[in-house]
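Visitor: Can you look at this prediction? I've put the sequence above it.
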Amino acid sequence: TRSTRPQRLLNAVRKHATRGDPQSVISAIDHFCRHSEWAMNIGDEKGSILDSVVSELNPEKVLELGTYCGYSTVRIARLLPPGARLITLEFNADYAAIARQVIAWAGLEDRVQLVEGASEDWIPRMKEHFGIETFDFVFLDHWKDRYLPDTKLMEDCGLLRKGTVLLADNVICPGVPDYLQYVRNSLSYKSCYFKSHLEYTKAEDGLEKSVFLG
Ligand SMILES: Cc1ncccc1-c1cc(O)c2nc[nH]c(=O)c2c1
Ligand SMILES: [Mg+2]
């Protein structure tokens, strides 16, 4: 049977990246996506903005919505201190299976917990199932129609605290107009836009950083 694009991406990681070296995993995926097959990883340009937000914040508790092949999971986890925890939710079981292997190849499985299932099912269970009080940082990169409802769900579940930072990918392409309108007009958020490009292309895209004010 034909291989899938995520499987071919994992093969490229195994072939070109060094086990236990997260930067080589990131470089191998970026090379594969630029020179072999485009894939919807955040990429190196927006990835550098993600790196700077994470490095400035030094979060202990991180939630990622949308794992895909684990590229941004590796980008974030490589910057976290060993005691920190990253929980990443992925709805698609095939993507999750590949992401587990990419995260393991990078040697970051000790600080990453990949959970398969729907964000709306797992967000209400974060406290009792993972012992999480509140998140310091949330990266939204799953499905554009879920950004706003999941943000409201995290608010309602008490998972956000004064200063929690939400960073959302693809706010221009594919675009999340309802989410942008909410975080830019709500008195509960201080929001700003980082203009960039859709991964591996010249099309405009960007990241929206929104600080929850409580
Ligand atoms: C797939 C695609 N095609 C054309 C333009 C953009 C995309 C695209 C890019 C992304 O970074 C995505 N991130 C998370 N979830 C997505 O669905 C998604 C889709
Ligand atoms: Mg994305």
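Guide: Received it, and whenever you're ready, just let me know what you need. Ligands and ions are numbered 1, 2, ... in the order given.

Visitor: what about the closest residue to residue 79 other than its chain neighbours, how many neighbours?
Guide: Nearest in space to residue 79, with sequence neighbours left out and distances taken as Cβ to Cβ, 6 or more residues apart in numbering, is residue 54 at 4.9 Å. Any C-beta I mention is one placed from the backbone N, CA and C, and that applies to glycine too. Residue 54: 22 surrounding residues under other Cβ atoms under 10 Å.

Visitor: Next up, the contacts around residue 54.
Guide: 62, 75, 76, 79, 80, 137 (Cβ atoms under 8 Å, 6 or more residues apart in numbering).

Visitor: give me the number of residues near the residue of the chain found nearest ligand 2?
Guide: Residue of the chain nearest ligand 2, by Cβ to the ion: residue 169 (3.7 Å). Residues within reach of residue 169, counting by other Cβ under 10 Å, total 30.

Visitor: one step back: sec struct for the residue nearest to residue 79, please.
Guide: helix (DSSP: H, G, I helix; E, B strand; the rest coil).

Visitor: moving C-terminal of the least confident helix or strand in the chain by mean pLDDT, what's the next helix or strand?
Guide: When the helices and strands of the chain are scored by mean pLDDT, DSSP states H and E, helix 126-130 comes last with a mean of 95. Sequence-wise, the next helix or strand downstream of helix 126-130 (DSSP states H and E) is strand 135-140.

Visitor: what's around the residue in the chain positioned nearest to ligand 1, how many residues?
Guide: Using Cβ to the nearest ligand atom, the single residue of the chain nearest to ligand 1 is residue 40, 3.9 Å away. Close neighbours of residue 40, defined as other Cβ under 10 Å, add up to 18.
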